[in-house]
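Colleague: I would like to see how this sequence folds:
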Amino acid sequence: MIDPKRIWSSAQLPTLPTVAMRLLELARDPETEFKDVIGVVKTDPAITAKILKAANSSFFGFKSPVTSIERAVPLLGTTVVTTLALSFSLVDAAMTSGPLAQHYTAYWKHSIVQAVAAEVLAERYAHGVSSDCFLTGLLLDLGRLAMLKTVPNEYLPVLAEWEEQGGSLKEREAARLGIDHVRVGAQLMRDWKLPTRLIAAVSLHHATVSKLLAELHDETTVTERVVAVAATVGDYFCTAGKGAALERLESLTSTFFQTTPTALEEYLERTRERIDKAGNLFSVNFDGLGASADLMAAAGEQLARVAVREHMASTQMEIQRQAAEEANHELESKNHELQERATRDALTGLYNRTFFAEALNAAINAASRTAGAIGLVFSDIDHFKRLNDTYGHQFGDEVLRLVGNIYDDVVRKSDVVARYGGEEFVVLVHQPTEKGLEKLSERLRLAIESGAFWFEGKRVPVTISIGAAIVLPERDPGDLALRLVAAADEAMYESKQNGRNQAHVRSLIEADDRQLNQLVAQKRFSRWLVQNKVFDIQIMSRALLETPSERLRTGSLGQLLGFLTSAQIDEIRRRQQATGTRFGRCAMALGHLTEDQLATLLAIQAEPPNLLARTLTTMGLLDKAHADALLMQYRANLSASEPAVMAVV
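Modeller: Numbers count the residues shown, from 1 in each chain. Sure, this is the predicted structure:
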């Protein structure tokens, strides 16, 4: 335990410079004029220079250069200028070197993430106080800075324990030190005479979900709601407890702002984009933070592991009452083996039917959000019973193993191969074209037909019958998984009835969507490279597999290319909510996008040309100059119909 007086009496306690204190006083006075603010800012040349630099940064995005503080203050506004002055003061307080540097850096990064998250959310739900929300987010963990500076010897072990074990930092501080950073930060804000509503928001930000929902139950608490969500976003991006943070986010945002999981994902993506701009503003590198999609996947994995651990914990409690420690260790080992068996087929080593069903549902849900196609290849070994009866079950098992190996070699690593049951095999294909699915089916058929199946020195002919199906999931896929499997199964039986050792493909895609998909395929950078004989299909397939899956949402990309305005995007999303139709189709129905524009968006979204070019360079297949030249030719090809593409792709 520590005496709080040590904190308040310490000469290391963070303080605000005179200019920041004076700006706070002016911000509280409704009669304040811009000239008063300009006069105060100009008394501190360092703050003046930093505010000018900020005004010219991408964070604010003014079209013309801001060359004087007299122009910067009216453009930014009193609240934003005050916020920047306070922010730069905190930057100076948090920048240090030596053994504590990493803890100061972690504190400051966490603070910036919270500030950006608060501002992005406030722009949608509390626009008039977005600058206040940015400042409050920045100050949420002010107590951490104060405790690092005043009682570092006692505080560092608490931080180390929290970083290793997770959980609530506030509760850990209270248990170990008798005081927590929330109380310290709120008191420091009172000493600085900051607005009481900001202090109230800081005091609540680490409260339990039930307490937040009980206390912030009406619209007058919108600032506190925004800040509570922003604090959780900080935990999501900056701590190891991403799964717990995501659960808390889903609960808070759905109750406070009626957001859907898709809207929450979009909010986190917008926040991640803005974080980099804020990092440039405050000279902080956020490259190691990770992409929003990767963080979402990590959070999902954590939640799954937690669920498994909780289930295992309840099971082991009963086991521990019935057996000794040695028996428990043996049981844990067996449980590990069972988990492997739960996802893998023992004979072939491929995924089993249970895992395939889960992967199919997950792929359909993902494709419904990104307007991507899903393909399914269903196959059955011809006359397998005759093989067993003629050569024995041991040979039959060997055939199954070899077929599994061939499938594993032929199919892309990004797709899922599974033994569906008996002599049936299935492949889940991500983002195929109808023609590509036909070619994959034929490659599998030929690979099996020419496979080396030997019995007692004699080659035994083995063939398969294949049925494949392709679909473009709607926003609400319903029972699409069952319909897709049924379509592929029916196509396979058509192959058998027509004489076996052949492949048939069925499309569940509407005629309009098929036409759009063909247009999208024609516009892809990889297709252009193959058509121009720069690379063959095999090399492009390898490169696409290595290319990062970073994608902007269709609306965001459309706005970036100048195809859509913010008002049009809002109108399209309202229509989406009402009809359940995909974004692009809604945009075309409203007349905001042409089919050619939508195809361009989807082609760039599914396969960002600059990322693919970078991959080809990294793989040593192109030098940078050649890659840049090819990109320019591709852009010129696209810009013939859509000139705006030239400046962005």
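
Colleague: Please enumerate the strands of this protein.
Modeller: For the chain, strands defined by DSSP state E occupy the ranges 374-381, 416-421, 424-430, 454-455, 458-459, 464-471, 503-507.

Colleague: looking at the chain, which helix or strand is least sure?
Modeller: Lowest by mean pLDDT, DSSP states H and E among the helices and strands of the chain is helix 292-322, with a mean of 58.

Colleague: how many neighbours does Asp623 have?
Modeller: Neighbour count of Asp623, defined by other C-beta atoms under 10 Å: 11. No exception for glycine: its C-beta is placed from N, CA and C like everyone else's.

Colleague: I'd say it and Thr617 touch.
Modeller: Yes - assessed by C-beta atoms under 8 Å, Asp623 is found in contact with Thr617 at 6.9 Å.

Colleague: Name the residues contacting each of those two.
Modeller: Counting by C-beta atoms under 8 Å, 6 or more residues apart in numbering, no residue touches both Asp623 and Thr617.

Colleague: low-confidence ranges in this protein?
Modeller: 91-99, 127-128, 290, 292-341, 549-551, 639-649 (pLDDT under 70).

Colleague: Where do the domain boundaries of it fall?
Modeller: 4-290, 308-341, 353-509, 526-647 (automatic domain parsing).

Colleague: To Leu519, which of the ones you listed lies closest?
Modeller: domain 526-647 (4.0 Å; C-beta to C-beta).

Colleague: if we can go back for a sec, would you turn the strands of the chain into TSV with mean neighbour count and distance to Pro74?
Modeller: Shown next, in TSV, are the strands of the chain (neighbours: other C-beta atoms under 10 Å; distance: least, C-beta to C-beta, whole Å):
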stretch	mean neighbour count	distance to Pro74
strand 374-381	25	53
strand 416-421	21	58
strand 424-430	22	52
strand 454-455	14	84
strand 458-459	9	85
strand 464-471	26	55
strand 503-507	22	59
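
Colleague: Distance to Thr259 added to these, as CSV?
Modeller: Putting the strands of the chain into CSV (distance: least, C-beta to C-beta, whole Å) gives the following:
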stretch, distance to Thr259
strand 374-381, 27
strand 416-421, 31
strand 424-430, 28
strand 454-455, 60
strand 458-459, 61
strand 464-471, 28
strand 503-507, 35
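
Colleague: mind checking which of those strands is nearest Ala85?
Modeller: Across the strands of the chain, closest to Ala85 is strand 424-430 (C-beta to C-beta), at 49.9 Å.

Colleague: what is the orientation angle of that closest one with strand 374-381?
Modeller: Put simply, strand 424-430 runs at 160 degrees to strand 374-381, going by axes from the mean of the first three to the mean of the last three C-alpha atoms, to 10 degrees.

Colleague: Take the domains of the chain and write them to CSV, including distance to Leu516.
Modeller: Formatted as CSV, the domains of the chain follow (distance: least, C-beta to C-beta, whole Å):
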stretch, distance to Leu516
domain 4-290, 21
domain 308-341, 41
domain 353-509, 9
domain 526-647, 6
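
Colleague: Tell me which of these sits nearest to Leu347.
Modeller: Of all those, it is domain 353-509 that lies closest to Leu347, at 5.7 Å by C-beta to C-beta.

Colleague: Quick one: distance of that closest one to the chain centre.
Modeller: 31 Å (C-alpha atoms, centre = their mean, to the nearest Å).

Colleague: same thing with stretch 2-11?
Modeller: The chain centroid and the centroid of stretch 2-11 are separated by 42 Å under C-alpha atoms, centre = their mean.

Colleague: Can I get that stretch in PDB? Just the C-alpha atoms.
Modeller: What follows is stretch 2-11, C-alpha atoms only, in PDB (Å, rounded to 0.1, in the frame of the first residue of the first chain):
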ATOM      1  CA  ILE A   2       1.100   3.500  -0.600                       C
ATOM      2  CA  ASP A   3       0.200   6.800   1.000                       C
ATOM      3  CA  PRO A   4      -1.700   9.000  -1.600                       C
ATOM      4  CA  LYS A   5       0.000  12.000  -0.200                       C
ATOM      5  CA  ARG A   6       3.200  10.800  -1.800                       C
ATOM      6  CA  ILE A   7       1.600  11.300  -5.200                       C
ATOM      7  CA  TRP A   8       0.100  14.700  -4.600                       C
ATOM      8  CA  SER A   9       3.200  16.100  -2.900                       C
ATOM      9  CA  SER A  10       5.600  14.800  -5.500                       C
ATOM     10  CA  ALA A  11       7.600  17.300  -7.600                       C
END
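
Colleague: any residues touching that stretch, and which ones?
Modeller: Stretch 2-11 has contacts (C-beta under 8 Å, 6+ apart) with Leu13, Ala146, Met147, Lys149, Thr150, Val151, Glu154, Leu177, Gly178, Ile179, Val184, Gln187.

Colleague: Not counting sequence-adjacent ones, nearest residue to the last one?
Modeller: This points to Gln187. Trp8 (7.7 Å; C-beta to C-beta, 6 or more residues apart in numbering).

Colleague: ok, the one you found - how many residues close by?
Modeller: Counted with other C-beta under 10 Å, Trp8 comes out at 14.

Colleague: And it, how close does it get to Thr136?
Modeller: Separation of Trp8 from Thr136 (C-beta to C-beta, to the nearest Å): 22 Å.

Colleague: what does Val129 give?
Modeller: 9 Å.

Colleague: and if you look at Ile381?
Modeller: Ile381 is 65 Å from Thr136, by C-beta to C-beta.

Colleague: Then Tyr267?
Modeller: Counting by C-beta to C-beta, the gap from Tyr267 to Thr136 is 18 Å.

Colleague: Which one's more surrounded, those two?
Modeller: With neighbours defined as other C-beta under 10 Å, Tyr267 and Thr136 compare such that Thr136 has more, 32 against 21.

Colleague: got a list of what the more buried one touches?
Modeller: Taking C-beta under 8 Å, 6+ apart, one finds Ala115, Ala118, Leu198, Ala201, Val202, Thr223, Val227, Ala230 in contact with Thr136.

Colleague: The second one: neighbouring residues, count only.
Modeller: Taking other C-beta under 10 Å as the criterion, the count of residues near Ala118 is 34.

Colleague: what's the answer for the first one, then?
Modeller: Ala115 has 26 neighbours, counted by other C-beta under 10 Å.

Colleague: Quick check: the gap between it and Leu139.
Modeller: 8 Å.

Colleague: Buried ones only from the contacts of stretch 2-11, please, as a ChimeraX command.
Modeller: Restricted to buried positions by 16 or more other C-beta atoms under 10 Å, the ChimeraX selection for the contacts of stretch 2-11 reads:
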select :13,146,147,149,150,151,177,179,184,187
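
Colleague: Columns distance to Met632 on top of the contacts of stretch 2-11, output as JSON lines?
Modeller: As requested, those are arranged in JSON lines below (distance: C-beta to C-beta, whole Å):
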{"residue": "Leu13", "distance to Met632": "57"}
{"residue": "Ala146", "distance to Met632": "54"}
{"residue": "Met147", "distance to Met632": "54"}
{"residue": "Lys149", "distance to Met632": "53"}
{"residue": "Thr150", "distance to Met632": "57"}
{"residue": "Val151", "distance to Met632": "58"}
{"residue": "Glu154", "distance to Met632": "60"}
{"residue": "Leu177", "distance to Met632": "60"}
{"residue": "Gly178", "distance to Met632": "64"}
{"residue": "Ile179", "distance to Met632": "61"}
{"residue": "Val184", "distance to Met632": "56"}
{"residue": "Gln187", "distance to Met632": "59"}
